[in-house]
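Visitor: Structure for this input, please:
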Amino acid sequence: MEMAGMQDAPVAVAVVGTDGVVSGWSEGGRLLLGWTAEEIVGRPVTRLLVDPTPGFPEDYDTVTDPTGPVTLRHRVGSTMDGVVTVRPMLGAGGQVLGHAMTVQRWGRRPVIADRAFEQCPFALGVYDPDLRFQWINASSGRVIAHTEQQVLGRKYREVLPELDRSLFPERDDKPYTDALAEVARTGEPARLITVFRPRGSDYANAWATSIWPVRDAGGRVCAIANWGFDMSAEYWARQRLLILNEASGGIGRALDVIGTAQELAGAPVPGFTDLVTVDLFEEVLRGEEPPSASAFAPGETVVLGRAARHAATEDTDRPAEPATPVSHAADSVVARCMAAGRSTVELAAEPGQGGEWAFGPGLAADPAHWPPGNPLIDGSLAAEGLTGRITVPLRARGALLGVVTFSRLDRPEAFTADDLILAEELTAKAAVAIDNARRYSRERTTALTLQHSLLPQRLPRQEAIEVASGYLPAGTGAGVGGDWYDVIPLSGARVALVVGDVVGHGLHASASMGRLRTAVRTLADVDLPPEELLTHLDDLVLHAEDGQPAGQVQPAGESGATCLYAVYDPVSRRCALASAGHPLPLVIAPDGSPVPVPVQPGPPLGIGGLPFEATELQLPEGSLLALFTDGLVEGRERDPDRGIADLFRVLKEPAGSLEALCGTAMDTMLPERRTDDAALLLARTHALSPDRVADWPIVPDAAQVPHARQFAMDRLEAWGLGEAAFVTELVVSELVTNAIRYGEPPLRLRLIRDTSLICEVSDCSETSPHLRRARAFDEGGRGLLLVAQLTQGWGTRYTTGGKTIWCAQTLA
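Guide: The predicted structure is shown next:
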């Protein structure tokens, strides 16, 4: 049944004489096989057949319903399967005057099927085995910008030459032609997705294509067919998800604000956009709280810091630079976006029909889906070299941190509503990371400030040792730890060297370090031996943990602390030390040889119930002690034993000064990327010569007090300290009198000339004297009060054989 308005597919009609020569040719023949009447009339009809049967067409006139196709030759050299029908043409007497031959393409369906394929929205095409076009539908013609008549019989590359992919990366159709050739070679179907910009279009499209071989009744590949459809919306949605997923893993790795901003700027380039800038408030860049909403008034110029700028055409390996100030006028898009808290999309004006905006085929989202007020058509973008720009306020936890802009430069694709969603998602993820980095920077700065305030600002002046120290906090990627060191002058010209480490990072570790340092200084004033001091310090840590509320997790603080405490006496040149889980010091003799330290470190602080062992070393004058924390000798690529050996090699080398040696050791031992604090305390020992120490035994008889005073006066005269004679005479008289009255023999008086004049009286009693306020008519009780008032310090030091009462006067 015929349908109005529809015509049959091309049918070739030929009139053939009895000699087999064509005498007539229809227009349908030209449309079907490409031959014109001038080219075929007068030539043998067998020229149309690739493999003519003998006696054609005379012996063919009985074949009115063939069972298979006949291979025909197209004018351009390609082949085509067709249906050939031959009918005899009879004269008045019944004689055969010739033959009428009709030719149709094999497998052609009725008109409705032809129209269906022709009007299919998918691109359909058929190639011969040599990849010459045999047929394309209208959709395929629009993709390649050619009609069927322009491409029939021609190879793909004859119609669409391969372009230089370095110049036209968006028009790369080589994967498609490679797949065609592979299917023709192997006979195996193929599927692929190609992204290219169709000719005449400003937008890159993603095409899903299927290619398969067409076989004849004998199984021979006689054609290659393909179909494809534009899946740009689905493809670009998937690409957005991939960009977002990759950015989620790449943003937030840096624990500093500028580094995180640079991660955000680099994530969407070039897959999504060509240029990204990140501008932040100066307060955010400094790690402070961002300005409040009340401080940001609409209609005012906004001054921000350019924290990051990443362009596809610029060097991406440049190091981080300090943020440069940028100003945004009150009427700028940036200022309005920040004031309103809403994103804005600007598109370069592109007039369409009737002067309206032409969104083009690349706009996957319906314009009706845009948020209110978007997009803005701004003709000034073209003057800036932009085709579009998205401006997104950078907000985290309700606070405005800054603004991010995403710009497209050379690519003509317009931003879509889906692109706006992607930009906002990227910005939201980055905003949380930037705010985390800001908070971390603030806490780290606070912890560093606290830690530096707790460390000695300058080492005390004394003559027992020469000291130098070095301290470096962990790198940016790690928090501030609890490493610390101290130098504490003790009675008798002695000095205590302390180094410790609190496990953990941040404010809690710094605060814990401060508590331990204060406790060590307090216990050192009592002049406890090293092992007893660590025992008391261990008890203090245990009691601190007992004070935690039930069920509360104890942060890493004192419970993971170590400490080394050493006391050096320049008179005897002996050093006593004990360790609570801390690495033992390196001791180097003046000749550069190592001095063994025969003691095992005790348990870390906070374990409780285990003893601490102490040892004493006799050190030659000029020996070097190196106390350090594990961050100096340990690392990811270095074990502690190797680190200690490396430190020893550095310290035994000659240096101009102890400070220079300490600096060289810190520079040599510490890598650029480290995860722990490192502290180093160097001490070179001195010895007090015998002529600076005076020692006299005291007979426990009150009559010996004048002799003790005279001994002291003689020594002061020999030292040239006559100005201290009056106070020293009173002090010696009082201390010796108390020792004779209340102490137990043997008694000794010792004077030491150091940075101060030290007076010591020792006895074998463990009874400790104490200050008291004497009443008006009391005959005694004022001696220690006089000592305390006339000297700069006094105290009691207990020994294994009793105690020592000492006092010190500062010398000019």
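Visitor: Low-confidence regions, the stretch 551-700 of the chain specifically.
Guide: Low-confidence segments of the stretch 551-700 of the chain (pLDDT under 70): 551-559, 636-637, 672-675.
Visitor: try the stretch 351-500 of the chain
Guide: 351-368, 412, 447-448, 450-460, 475-481.
Visitor: From the chain's centroid, how far away is stretch 561-571?
Guide: Offset of stretch 561-571 from its chain centre (CA atoms, centre = their mean, to the nearest Å): 42 Å.
Visitor: ok, and what's touching stretch 739-751?
Guide: 693-702, 704-705, 708, 711-712, 715-716, 732, 735-736, 757-765, 767, 769, 802, 805 (CB atoms under 8 Å, 6 or more residues apart in numbering). C-beta here means a position set from N, CA and C on the backbone, and glycine is covered the same way.
Visitor: Filter those down to the buried ones and hand me the PyMOL line.
Guide: PyMOL command restricting these to the buried ones, with burial defined by 16 or more other CB atoms under 10 Å:
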select buried, resi 693+694+696+698+704+705+708+711+712+715+716+732+735+736+757+758+759+760+761+762+763+769+802+805
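Visitor: Among the contacts of stretch 739-751, which ones are in helices?
Guide: Secondary structure defined by DSSP state H assigns 705, 708, 711-712, 715-716, 732, 735-736 of the contacts of stretch 739-751 to helices.
Visitor: Tell me which other helices or strands the helix or strand where Asn245 lies touches.
Guide: Of the helices and strands defined by DSSP states H and E, Asn245 is found in helix 232-250. Counting contacts by 3 or more CB pairs under 8 Å, 6 or more residues apart in numbering; DSSP states H and E, helix 232-250 is packed against strand 205-215, helix 257-266, helix 417-454.
Visitor: could the ones you listed go into TSV alongside mean neighbour count and distance to Ile224?
Guide: Converted to TSV, the helices and strands packed on helix 232-250 look like this (neighbours: other CB atoms under 10 Å; distance: least, CB to CB, whole Å):
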stretch	mean neighbour count	distance to Ile224
strand 205-215	18	6
helix 257-266	24	43
helix 417-454	19	36
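Visitor: what comes up buried for the helix holding Asn245?
Guide: Those buried within helix 232-250 under the rule 16+ other CB under 10 Å are 232, 235-236, 240, 243-244, 247.
Visitor: One more: stretch 796-811?
Guide: Within stretch 796-811, the residues scored as buried using 16+ other CB under 10 Å are 796-797, 802-809.
Visitor: tell me the average confidence for that stretch?
Guide: Across stretch 796-811, pLDDT averages out at 88.
Visitor: Closest one of the buried residues of helix 232-250 to Ser512?
Guide: Nearest to Ser512 among the buried residues of helix 232-250, counting by CB to CB, is Ala247 at 38.0 Å.
Visitor: Relative to Arg444, how far out is that closest one?
Guide: Ala247 is 25 Å from Arg444, where distance means CB to CB, to the nearest Å.
Visitor: what's the domain layout of the protein?
Guide: Structurally, the chain divides into domains by automatic domain parsing as follows: 12-105, 111-230, 235-445, 455-548+555-685, 690-810.
Visitor: spatially speaking, which residue is in the middle of the protein?
Guide: Arg253 (2.7 Å; CA atoms, centre = their mean).
Visitor: Which of the three states applies to it?
Guide: Classification of Arg253 by DSSP: H, G, I helix; E, B strand; the rest coil places it in coil.
Visitor: Surely it is in contact with Leu264?
Guide: No: judged on CB atoms under 8 Å, Arg253 makes no contact with Leu264 at a distance of 11.4 Å.
Visitor: list the contacts for the residue nearest to the centre of the chain?
Guide: Glu263.
Visitor: ok now do Leu624, which residues does it touch?
Guide: Residues in contact with Leu624, defined by CB under 8 Å, 6+ apart, are 586-588, 651, 682-685.
Visitor: if we can go back for a sec, quick one: which of the helices and strands packed on helix 232-250 is nearest Gly94?
Guide: strand 205-215 (43.8 Å).
Visitor: Can you name the element that comes right after the closest one?
Guide: Sequence order places strand 221-230 as the next helix or strand after strand 205-215, per DSSP H and E.
Visitor: After the helix or strand hosting Ala578, which helix or strand is next?
Guide: Using DSSP H and E, Ala578 maps to strand 574-580. Sequence-wise, the next helix or strand downstream of strand 574-580 (DSSP H and E) is strand 586-588.
Visitor: Buried residues of that next one, list them for me.
Guide: Neighbour-count burial for strand 586-588 [16+ other CB under 10 Å]: 586-588.
Visitor: Stretch 182-193 now?
Guide: By neighbour count with 16+ other CB under 10 Å, stretch 182-193 contains the buried residues 183-184, 190.
Visitor: how far does that stretch stretch from start to finish?
Guide: Its start and end residues considered, stretch 182-193 measures 15 Å (CA to CA, to the nearest Å).
Visitor: same question, stretch 260-279
Guide: 12 Å.
Visitor: roughly how far is that stretch from the heart of the chain?
Guide: Offset of stretch 260-279 from its chain centre (CA atoms, centre = their mean): 14 Å.
Visitor: Check stretch 91-106 too.
Guide: The answer for stretch 91-106 is 83 Å, by CA atoms, centre = their mean.
Visitor: ok, now stretch 285-293?
Guide: Per CA atoms, centre = their mean, the displacement of stretch 285-293 from the mean C-alpha position of its chain is 22 Å.
Visitor: Stretch 519-535 now?
Guide: Counting by CA atoms, centre = their mean, stretch 519-535 comes out at 45 Å from the chain centroid.
Visitor: Kindly export it (C-alpha atoms) in CSV.
Guide: This file holds the C-alpha atoms of stretch 519-535, laid out as CSV (Å, rounded to 0.1, in the frame of the first residue of the first chain):
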residue,chain,number,x,y,z
ALA,A,519,58.8,20.3,88.2
VAL,A,520,62.4,19.4,87.3
ARG,A,521,63.6,22.9,88.3
THR,A,522,61.7,22.7,91.6
LEU,A,523,63.2,19.3,92.4
ALA,A,524,66.6,20.5,91.3
ASP,A,525,66.5,23.3,93.9
VAL,A,526,66.2,20.6,96.6
ASP,A,527,69.6,19.2,95.3
LEU,A,528,68.3,15.6,94.9
PRO,A,529,70.5,13.0,93.2
PRO,A,530,69.6,12.2,89.6
GLU,A,531,67.9,8.9,90.4
GLU,A,532,65.8,10.4,93.2
LEU,A,533,64.8,13.3,91.1
LEU,A,534,63.5,11.1,88.4
THR,A,535,61.6,9.0,91.0
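Visitor: buried set for stretch 534-548?
Guide: 534-535, 537-538, 540-542, 544.
Visitor: Kindly report the same for stretch 682-690.
Guide: For stretch 682-690, a neighbour-count test (16+ other CB under 10 Å) marks 682-688 as buried.
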